[in-house]
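Asks: Sequence below, structure please.
(one chain, ligands or ions: 1)
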Amino acid sequence: VQEGSLIPRFGRARRDPSLAVLEGFHPLKHALRFGANVLEVVRSSDADLDALAAQLAPDLAERIHELARAVEPEVFAQLAPLTPATGVMSLAERPTVDPIAILADERAAPIVLLEDPRDLGNLGACVRVAAAADAAGVLSTGSHDPWSPDALRGGAGLQFALPVARVDSLAALDRSSAPDAPADDRAAALSAPRRPLLALDPSGEPLLPSELPARAVLAFGTERHGLSDELLACADARISIPMRAGVSSLNLATSVAAVLFAWRLAGEPGA
Ligand SMILES: C[S@@+](CC[C@H](N)C(=O)[O-])C[C@H]1O[C@@H](n2cnc3c(N)ncnc32)[C@H](O)[C@@H]1O
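Replies: Got it, this is the predicted structure:
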């Protein structure tokens, strides 16, 4: 690939649902650690990527050195709307993620369900903490793509560490109405015990970490309006993270972190 053709290539990749555009060092690091097929690594010729890799990811330093090719800073600056300060950008294949297979995961770990998140950085931060807590997956509804470059930056590329997918609607999660799912996954999802749906809502019953059921779907609402009436109506319980009087709510990613780590620190109940 010629230097000049990198600019349209990265531009097209931003609109290609089969590709992930990784802006900066951390998304590349996690993509490599968690087995992504990395197609292209480009560094600005004035960036010392070897030193950065030696400092932040010595386990990957040699691999990154082999993969990266240098381009003029003027070319590098045109690969993204905001030039990454670390001087590296990459393209990787997105894994195919099937929401029905996520539902069928037999481990006790919960799934995080984000209803119509609006802020891509926040959405990425939710993925990052879900990966750190070893959740079974992250599903989001609404128009925003959890694999968009901004969400990948917010998630430090940890989308590659666990299954992450956008679903069209809550109905797509209904195991009995997913005719497009591969037959094996569908059979597994249908035969697995039903997952309890817990709505995280500031007006719910106070969270008791040791009583969180195994394999829960933990649903979090949109930043401004919270959970929809539709989701609240389907939920098995409404749970709140207790807060000091006068505080109306936590930030979305902060509340995901609080619940997932309450679950983890309680000894992963239901396991
Ligand atoms: C910024 S909050 C939305 C605030 C919205 N005005 C409301 O009252 O739900 C985004 C999401 O974070 C979760 N959340 C925030 N604070 C919470 C709390 N104290 N208890 C339970 N969930 C909380 C909820 O799922 C909420 O829908």
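Asks: Okay, strands next: where are they in the stretch 1-150 of the chain?
Replies: For the stretch 1-150 of the chain, strands defined by DSSP state E, counting those that start in this stretch occupy the ranges 19-23, 38-44, 68-71, 88-93, 111-114, 137-140.
Asks: quick one: is the fifth one near the ligand?
Replies: What that stands for is strand 111-114. No. Strand 111-114 does not reach the ligand (Cβ under 6 Å from any ligand atom); its nearest approach is 8.7 Å. Heads up, the C-betas are built off the backbone N, CA and C, glycines and all.
Asks: Kindly export that strand (C-alpha atoms) in CSV.
Replies: Provided in CSV are the C-alpha atoms of strand 111-114 (Å, rounded to 0.1, in the frame of the first residue of the first chain):
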residue,chain,number,x,y,z
ILE,A,111,-23.8,-9.7,30.6
VAL,A,112,-23.8,-5.9,30.5
LEU,A,113,-26.8,-4.5,28.5
LEU,A,114,-26.5,-0.8,27.6
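Asks: what residues does it touch?
Replies: 102-103, 105, 123, 126, 130, 135-141, 173, 195, 197, 215-220, 252, 256, 260 (Cβ atoms under 8 Å, 6 or more residues apart in numbering).
Asks: What about these, which are in helices?
Replies: The helices, defined by DSSP state H, take in 102-103, 123, 126, 130, 252, 256, 260 from the contacts of strand 111-114.
Asks: near the ligand, from the residues you listed?
Replies: Near the ligand, taking Cβ under 6 Å from any ligand atom as the test, the members of the ones in helices among the contacts of strand 111-114 found are Leu252.
Asks: Turn the ones in helices among the contacts of strand 111-114 into JSON lines, including neighbour count.
Replies: As requested, the ones in helices among the contacts of strand 111-114 are exported to JSON lines (neighbours: other Cβ atoms under 10 Å):
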{"residue": "Ile102", "neighbour count": "24"}
{"residue": "Leu103", "neighbour count": "26"}
{"residue": "Leu123", "neighbour count": "30"}
{"residue": "Cys126", "neighbour count": "30"}
{"residue": "Ala130", "neighbour count": "30"}
{"residue": "Leu252", "neighbour count": "23"}
{"residue": "Val256", "neighbour count": "26"}
{"residue": "Leu260", "neighbour count": "22"}
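Asks: just the ones in helices among the contacts of strand 111-114 now: which is nearest the ligand?
Replies: Taking Cβ to the nearest ligand atom as the measure, the ligand lies nearest Leu252 of those, at 4.3 Å.
Asks: residues from the stretch 101-250 of the chain in reach of the ligand?
Replies: So far as Cβ under 6 Å from any ligand atom goes, the stretch 101-250 of the chain lies against the ligand at 200-202, 220-221, 223, 226-227, 240-241, 243, 249-250.
Asks: Would you map the helices across the protein?
Replies: Under DSSP H, the chain gives helices at 3-13, 25-33, 49-56, 61-67, 73-76, 99-104, 120-132, 149-154, 183-191, 229-234, 252-265.
Asks: picking that back up, just the buried ones from the residues of the stretch 101-250 of the chain next to the ligand?
Replies: 200-202, 220-221, 223, 226-227, 240-241, 249-250 (16 or more other Cβ atoms under 10 Å).
Asks: Widest-spaced pair of those residues?
Replies: Pairwise distances across those peak at 17.0 Å for Glu223 and Ser240 (criterion: Cβ to Cβ).
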